[in-house]
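Undergrad: Here is a sequence with its predicted model. Questions after.
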Amino acid sequence: MPSMRACVALIAVILVIESLLVSATPEARKEPKRFKRSLHRTKRAAHDIRNCETSPTYLPPTVIRTEERLKLLRDRMRERRWDLDAYIISNTDPHLSEVPPLRDRRQEFMSGFRGAYGTAIVTLDKAMIWTDARYWIQAEQQLDCNWELMKEGTIDEERDPNDPELPDILIPSPVEWLLEYMPVEAKIGFDPRLMSIDEYFHYNLTFEHYEFKRLTMVWIQEFEYNNEPDEVFTNIIDYLWEREGSRPAYAREPLVTVDADTYTGYTWEEKIFGYKDERSLRWIMKEKNAEALIITKLDEVAWLFNLRSADIPNNPFFLAYSIITNNEIRLYLYDRQWKVNREVEDHLGIGQDSACPEYDSRNRPLCIQLRNYDDFLDDVNRLLIQTSGRIWVTNSSSIAVFNASTPKTSSALREKRFVEQSPILRMKAVKTKEEIEGMKNAHIRDSVNFVRIASYIEETVEYQREQNKRIEPDDPDYRIYISELDVIKRLEEFRKQELSYVMPSFQTVSAFGHHSAMVTYNVTEQSDIRIDETKLYLLETGAHYLDGTTDIARTYWFEYKKTPPQHLRDQYTRVLMGLIDLSDTVFRTNIYGRELDAIARRALWKNGLDYLHATGHGVGHYLNVNEGPIGFGLGYEVSEIPLERNMVLTNEPGYYSEKNEYGIRLENVMVIVQANTNYTFGDYDWNTFDTISLVPFEKNLIDHTMLSIDQIKWLNTYNKKVRKVIGPYLGSSTTTARKWLDRRTEKITYKYSVSGAETTVSTVTTFMVSVVSIILSRFL
């Protein structure tokens, strides 16, 4: 028999093993040996980008070689029918969508660059691509050395810095570059379906102003190859893409209806005819003396008819146009036989049981005419000829739509159309009470999921560290339990547990360390790295639910037992101060978002810091996560309208290391609500913001001594609301997620004092519950 001492030793070993198993995360206990060894076989350099200066040049694995595609494009450009000197490649679709369908991503096919914003120009000997600061690093990772990156808003390094006549000359815009580098009488080809009216006239009028160059914009419209009438193309890139055999088809997802009573507040009939609101679409058309309205934007069509689908990645839209006249409602659907089922027919008032047109007691048509998607441009042309009144072409339409409504043969017909901002922009920007309620509920659900994923990351990082106590981070034997891609997959699992969840509202930014310096980093299998406690981690994510769309960002430091470096705390706190200050702003009517943008930057500016993206954008209701025509940003946008009650916007200041080592971003979604003020100046109404994103900030990154009393009060109020609303969804106080939430929502206490003319806040702590406020009234 074993000795008593041996038994005690055996029991001790068993207890130690059991304690280790209990302390492990549930997921780690299930699969303790599934390590991602491929992530750490080689040490990744900060930002694996191209190097075109070396011989041979270095290209990261994320690059697509484009020599052959560029050669084929230039061969087509030289054809006698066009004889082009340059070709403009737009990063959009015929609806000028910010996120086009996969089939319409021509710029990505030609260059490999997958950023959501950019303009490419290919000449007979150059290939240029313009984009803004959000995508510079990404472009360097995805472009090969055939392409020159033009960083918008930066100094042109090719200019002579010693030339006193050219101080601080910025990178030329595409139109400026064409004027400077193209030969006299050069021909610039483009696809008119993919260029906006404003952009076209900007090119054309600029070229006309510099008439000595005599540059010409050449419309590339329908053409055939090899005399095969069945093979008709409207874009040179499409021809190359189809010949290569890699061009994807459009998605074939059915339409789904959105209930007015539950979600939108208005039926499509009410939006057009105005049963409840006299400012309906037809009412606005009458006010503008317009007999017809041309609608080309996908989100506007989806909103107007209370329909959704999934033709576009991360967007609940479908390929469609619409024309609204005084006596007709036309809906042009791509692949309409597949899209429309009996439920949709009943929703739209069409089908065998509905004669079209069908009129109500006030002689208004209640049904919709379904037409083929490809007939839209021809119908626009016919409409102009057949109608006697004016045609409203929205300024978000392409020049192809404008041209279809402007036959060159008749100046009288051309005068019948006019171009203005779509009335639907404001109609959908001001949310109904049903939409506001839905947005709040969607953000509660998504905030719960965000807390769950954040607590899971922290718990797994801690477990990972414990498992690697005696292993160096760069050692091949280092066991990895969590990576950037893991977070995205696990978050999707959490969201799919919600019955109302539909899809992500954009590609999640899961960015650790130097990846967080990329404003729009999209992780891939090639770029995926582990998450640990040594650097900042930025998570920005959003979702579409049936009752609303979400968007939120937080930056975390998972070494909670160790104070982060002071420069990170300073920068994080300044970003937080900007978010709080904008959230707490009171403003009057007729104020634009651009007039409030500097409030979010003030704390950063005071220390010589800034960020190069907008501070915020509108958010749609189960529509675009990035919705105009409102937002916070520096500079003037011609389409921007004043802020109004019941509009929904994001608030997302940030800071990104200029050495591309890390990035900080915080983002909440806010609803504009009435402000409580003691006075009312003039006839103005006064508004403020109600934050509906409910996720705590990273306590360890906050330097509370930098916060003002008002900022501390706002933060305490916010944390209290987060704990009250989100806490019950996380179970008892012993669950991992609940403990994570409680630690980050503890009340901040402070001592307040006044000495002479100076007011100070000191001895801030986040671990006490009571508030100690010493107010010396005799000095006030």
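TA: Great, that's in hand. Numbering: from 1, shown residues only.

Undergrad: C-alpha from now on. contacts and neighbour counts both.
TA: OK.

Undergrad: Neighbours of P423, how many?
TA: 16 (other C-alpha atoms under 10 Å).

Undergrad: Repeat that for S309.
TA: S309 - counted by other C-alpha under 10 Å - has 19 other residues nearby.

Undergrad: surely it meets L255?
TA: Yes. Here S309 reaches L255: they are 4.9 Å apart, a contact under C-alpha atoms under 8 Å.

Undergrad: tell me, what's touching the two both at once?
TA: Listed as contacting both S309 and L255 by C-alpha atoms under 8 Å, 6 or more residues apart in numbering are F318.

Undergrad: In contact with the residue most central in space within the chain, which residues?
TA: Among the residues of the chain, the one closest to the centroid is N626, at 5.1 Å (C-alpha atoms, centre = their mean). Residues in contact with N626 (C-alpha under 8 Å, 6+ apart) are 617-620.

Undergrad: likewise H544?
TA: Residues in contact with H544 (C-alpha under 8 Å, 6+ apart) are 501-505, 550, 622-623.

Undergrad: Any chance of those in TSV with secondary structure and pLDDT as columns?
TA: Compiled in TSV, the contacts of H544 are given as follows (DSSP: H, G, I helix; E, B strand; the rest coil; pLDDT from 0 to 100):
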residue	secondary structure	pLDDT
Y501	strand	98
V502	strand	98
M503	strand	98
P504	strand	98
S505	coil	98
T550	coil	98
Y622	coil	98
L623	coil	97
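
Undergrad: Take those residues and write them to TSV, including neighbour count and distance to K297.
TA: As requested, these are exported to TSV (neighbours: other C-alpha atoms under 10 Å; distance: C-alpha to C-alpha, whole Å):
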residue	neighbour count	distance to K297
Y501	20	24
V502	20	21
M503	20	21
P504	22	21
S505	23	18
T550	30	21
Y622	30	15
L623	25	12
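
Undergrad: As TSV, those residues with distance to V575 would be great.
TA: TSV is the format used below for those (distance: C-alpha to C-alpha, whole Å):
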residue	distance to V575
Y501	31
V502	31
M503	29
P504	26
S505	24
T550	21
Y622	28
L623	28
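
Undergrad: quick check, nearest of those to Y373?
TA: L623 (21.2 Å; C-alpha to C-alpha).

Undergrad: between the contacts of H544, which is closest to S447?
TA: Using C-alpha to C-alpha, the contacts of H544 come closest to S447 at T550, 9.1 Å.

Undergrad: Isn't that closest one up against H443?
TA: Yes. Look at T550 against H443 with C-alpha under 8 Å: they come within range, at 6.0 Å.

Undergrad: where does the chain have low pLDDT?
TA: Applying pLDDT under 70 to the chain flags the ranges 1-47, 155-168, 222-232, 275-278, 351-366, 405-413, 754-780.

Undergrad: can you give me the helices for the stretch 451-600 of the chain?
TA: Ranges of helices in the stretch 451-600 of the chain, per DSSP state H, counting those that start in this stretch, are 484-496, 566-583, 597-605.

Undergrad: What does L102 show for phi and psi?
TA: In terms of degrees, to the nearest 10, the main-chain angles of L102 are phi -60, psi -40.

Undergrad: Identify the residue spatially nearest to it, adjacent ones excluded.
TA: Excluding its sequence neighbours, the residue lying closest to L102 (C-alpha to C-alpha, 6 or more residues apart in numbering) is P248, at 6.6 Å.

Undergrad: Equivalent analysis for I453, please.
TA: Take I453 and drop its neighbours on the chain: the residue closest to it by C-alpha to C-alpha, 6+ apart is L491, 6.0 Å away.

Undergrad: quick one, what contacts the one you found?
TA: Here L491 is in contact with 449-450, 453 (C-alpha under 8 Å, 6+ apart).

Undergrad: Same question for L536.
TA: By C-alpha under 8 Å, 6+ apart, the neighbours of L536 are 512-513, 516, 555-558, 662-663.

Undergrad: which of these lies closest to Y87?
TA: Of the contacts of L536, the one sitting nearest to Y87 (C-alpha to C-alpha) turns out to be S516, at 34.4 Å.

Undergrad: Contact partners for the closest one?
TA: Going by C-alpha under 8 Å, 6+ apart, S516 touches 510, 536-538, 656, 661-664.

Undergrad: sorry, back to before: reformat the helices of the stretch 451-600 of the chain as TSV; add distance to T734.
TA: Listed next are the helices of the stretch 451-600 of the chain as TSV, based on distance: least, C-alpha to C-alpha, whole Å:
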stretch	distance to T734
helix 484-496	20
helix 566-583	29
helix 597-605	37
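
Undergrad: Tell me which of the ones you listed sits nearest to S396.
TA: Nearest of the helices of the stretch 451-600 of the chain (C-alpha to C-alpha): helix 597-605, 24.6 Å.

Undergrad: Run the angle between the closest one and helix 566-583 for me.
TA: Helix 597-605 and helix 566-583 meet at an angle of 160 degrees, taking axes from the mean of the first three to the mean of the last three C-alpha atoms, to 10 degrees as the criterion.

Undergrad: now N341: how far from E253?
TA: Applying C-alpha to C-alpha, to the nearest Å, the value for N341 to E253 is 11 Å.

Undergrad: Mind listing residues that contact stretch 310-323?
TA: Outside stretch 310-323, the residues touching it (C-alpha under 8 Å, 6+ apart) are 99-102, 250-255, 292-299, 301-302, 308-309, 329-334, 373, 376, 503-507, 622-624.

Undergrad: Mind checking which of the residues you listed are in helices?
TA: Cross-referencing those against helices under DSSP state H gives 298-299, 301-302, 376.

Undergrad: got a winner among these for most neighbours?
TA: D299 (27 neighbours).

Undergrad: quick one: it and N624 touch, right?
TA: Yes. The pair D299 / N624 is scored as a contact, 6.7 Å apart, by C-alpha under 8 Å.

Undergrad: Which parts of the stretch 51-200 of the chain are strands?
TA: 86-90, 119-123, 127-131, 148-151, 187-190 (DSSP state E, counting those that start in this stretch).

Undergrad: Redo the ones you listed as JSON lines? Include distance to T262 and mean neighbour count.
TA: Formatted as JSON lines, the strands of the stretch 51-200 of the chain follow (distance: least, C-alpha to C-alpha, whole Å; neighbours: other C-alpha atoms under 10 Å):
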{"stretch": "strand 86-90", "distance to T262": "39", "mean neighbour count": "24"}
{"stretch": "strand 119-123", "distance to T262": "41", "mean neighbour count": "21"}
{"stretch": "strand 127-131", "distance to T262": "41", "mean neighbour count": "20"}
{"stretch": "strand 148-151", "distance to T262": "46", "mean neighbour count": "19"}
{"stretch": "strand 187-190", "distance to T262": "45", "mean neighbour count": "23"}
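
Undergrad: So what's the residue count around the closest residue to T257 other than its chain neighbours?
TA: Excluding its sequence neighbours, the residue lying closest to T257 (C-alpha to C-alpha, 6+ apart) is L307, at 4.7 Å. Applying other C-alpha under 10 Å, we find 21 residues neighbouring L307.

Undergrad: L307 contacts D259, correct?
TA: No. Using C-alpha under 8 Å, L307 is not in contact with D259, being 9.1 Å away.

Undergrad: returning to what we had before: PyMOL command for the buried members of the contacts of S516?
TA: Only the buried entries of the contacts of S516 go into this PyMOL selection, using 16 or more other C-alpha atoms under 10 Å:
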select buried, resi 510+536+537+538+656+661+662+663+664
